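A.B. asks: Okay, structure incoming, though there's no sequence with it:
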């Protein structure tokens, strides 16, 4: 593996690993604080028990998210020092704000996790709110920095191309910033909600005795969050796609698999791009649909890949298929949301085994869509690290032997994943003790029943 | 260099200091975990670290972000020149952070822990030694003036007397801080045997740290030695005084004041090194002024940093004051979420 490939793969691996924990670190606190609030408001010990159980999962997920995020912040320099040297300052404001958001989140998470028996219930609940806000804010700031790489705004360079000044607020004004960050924050809630729902759906399917108040509450909280967000996410995704079409035509053409600039462009599903002939192969095409969707005019002209010099094109097949996967999953989740809403009206959610099975299957899907979406964003930006300003190979470090780093990272992350799954399963499977909902009555802390979640 | 950049430089030093005296103590706790003789020692340090280590860790991210925001060229040059030790530190940070929670939550409700929990305990302890060693070695190698942002090798500049001594000194300082803080925590919960254990360990670590510092003197490059005894002299002098004061206070069992003295000794040692290095980031190759971000960025970033710190610092104090071990309360509640 050459150094450039190794550095790219390492970045992809580090981001792919981190993003899974990052979204759970953003979404889980919301569910946790919601459950605690419900428990307090309704004097409902089952909600409080859920909040306590979830707070343990948050502790583990947050820790892995924090260290894998640290890896990223330092890897920017280790792998791409030239990029950081020239543009570190341009990205300064979103990252500085992110560091404070993360600080607030970490401090209040400490208070929250270790304050269950030290703080009054009301104050404890309040300490959860900065955790939620800090998580959402840090996700938004980091995504803003990424949006700037897709649409650099506010650069001032001298005749030699050296950055002499940059607009501090540039990243916030980049064309894809707003849709990208909303899309990301909603993705965090979507992933978390459906992952949580799936855990309880699996538990109920495996053991019908677990179709009880505890598991139903857990399932409902997750499913409502995830399925309510799903239709919104499709709308925001549409917004983001339009922003890409405006500002990054090459990425858009690759996403849609559109080889030629066409009046009345078809909507392309599947297939691959032949680099030699410059044609799409084996795709299903719906005539004129792309023009209709993008411009609301079935004969509108859409810019294709042939408008972009081959050296400036992203890898088309990966970008296109990743986009199809994301859109396909998004659509399927909206259908699931409609089914869930229909069942909920009839009060049959917990009695439909098929719906529970669908929820169980739907748990991992938004994570697949999340990774696919980031593949669209990042692979679709190639060959640029900063769109139309700096190419990826020009940002690479002068150090060599990067393949070793990639293999070590892959090995470490694999081991961490295995251990993490074992520990989350243990947290989920621990018996539910009555002490979990009335901490002051320790003498009654005998197992009530086996919980799963 | 503009006033804003100078301010950003100071913020980097503040962040480094906070990471050294707060995060450093968490690494040191790992060192004592490695050397622990009894379960009670491990329990005390897990309990002391649990609520705060995430927040302490953020200081590192804070330093990294302030550095690349305010001094992007310095960040790039350091990242390239120090690739070896920084990746080693990163590996240590990842393993340590994950291992700490894996160990804490391996048996979240008592009973038999998940398979591998004991092994994660060892990983936590070992990576707590590796990380400060790698960071210390990186600082030591910078001081030698042999590192270079263009090549120079991934490991070669670090296998030399000064980097290795500096790595050892960093580990000793972390262990020393941790032992002093833990002695005071043990005093708060009223466990006399733990106070005795960590008081002894603090004195031992102080002696080792002092010996390593003295051993490093002959291998210091003459230029750096000269700077340390001139511009660095006030800070280094204060470090020696505070170090001696901490020993006396430990001996006389003034553990609360000893904490302040110990932290001062470590912080001022760091400041002495920074002052001696200044104005260079990489001696002879890159100066801080040349690495500074454009003034249009430096000003707003400094403003955000100062505003942010005024919000974060009171929150941090609240965290420490709320969750420190209760004075003479005999009810250990080390496990979260119970």
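C.D. replies: Thanks, I have the structure now. For clarity, every value in this text was computed on a predicted model and none was experimentally measured.

A.B. asks: buried stuff in stretch A:332-344?
C.D. replies: A:332, A:333, A:334, A:336, A:337, A:339, A:340, A:343 (16 or more other C-beta atoms under 10 Å in any protein chain shown). Placement of C-beta: from N, CA and C, glycine included.

A.B. asks: From those residues, pick the one nearest residue B:97.
C.D. replies: Closest approach to residue B:97 among the buried residues of stretch A:332-344 (C-beta to C-beta): residue A:333, at 32.6 Å.

A.B. asks: Distance-wise, check the closest one relative to chain B.
C.D. replies: 31 Å (C-beta to the nearest C-beta, to the nearest Å).

A.B. asks: Just the element for that residue, please.
C.D. replies: Taking DSSP states H and E as the criterion, the element that holds residue A:333 is helix A:316-345.

A.B. asks: what helices or strands is that helix leaning on?
C.D. replies: Helix A:316-345 makes packing contacts with helix A:213-247, helix A:249-256, strand A:272-274, helix A:353-362, helix A:365-379 when contacts are defined by 3 or more C-beta pairs under 8 Å, 6 or more residues apart in numbering or on different chains; DSSP states H and E.

A.B. asks: give me that answer again for 10 Å
C.D. replies: Contacts defined by 3 or more C-beta pairs under 10 Å, 6 or more residues apart in numbering or on different chains; DSSP states H and E place helix A:316-345 against helix A:177-206, helix A:213-247, helix A:249-256, strand A:267-269, strand A:272-274, strand A:279-281, helix A:353-362, helix A:365-379.

A.B. asks: Quick one: check stretch A:85-101 for contact with chain B.
C.D. replies: Yes: using C-beta under 10 Å from any C-beta of the partner chain, stretch A:85-101 reaches chain B at A:85-101.

A.B. asks: picking that back up, let me know which of the helices and strands packed on helix A:316-345 is tucked in deepest.
C.D. replies: Ranked by mean neighbour count, those are led by helix A:249-256 with a mean of 26 (mean count of other C-beta atoms under 10 Å in any protein chain shown).

A.B. asks: who's in contact with residue A:73?
C.D. replies: By C-beta atoms under 10 Å, 6 or more residues apart in numbering or on different chains, the contact set of residue A:73 is A:95, A:98, A:99, A:142, B:60, B:61, B:63, B:64, B:65, B:68, B:90.

A.B. asks: Who wins on neighbours among the residues you listed?
C.D. replies: Most neighbours among the contacts of residue A:73, by other C-beta atoms under 10 Å in any protein chain shown: residue B:68, with 30 neighbours.

A.B. asks: Give the helix, strand or coil label for that residue.
C.D. replies: helix (DSSP: H, G, I helix; E, B strand; the rest coil).

A.B. asks: That one contacts residue A:89, doesn't it?
C.D. replies: Yes: Residue B:68 is within contact range of residue A:89, at 8.0 Å (criterion: C-beta atoms under 10 Å).

A.B. asks: Give me the common contacts of the two.
C.D. replies: B:75, B:293.

A.B. asks: about what we covered before: can you redo the helices and strands packed on helix A:316-345 as JSON lines with distance to chain B?
C.D. replies: Shown next, in JSON lines, are the helices and strands packed on helix A:316-345 (distance: least, C-beta to the nearest C-beta, whole Å):
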{"stretch": "helix A:177-206", "distance to chain B": "16"}
{"stretch": "helix A:213-247", "distance to chain B": "15"}
{"stretch": "helix A:249-256", "distance to chain B": "26"}
{"stretch": "strand A:267-269", "distance to chain B": "40"}
{"stretch": "strand A:272-274", "distance to chain B": "35"}
{"stretch": "strand A:279-281", "distance to chain B": "40"}
{"stretch": "helix A:353-362", "distance to chain B": "23"}
{"stretch": "helix A:365-379", "distance to chain B": "19"}
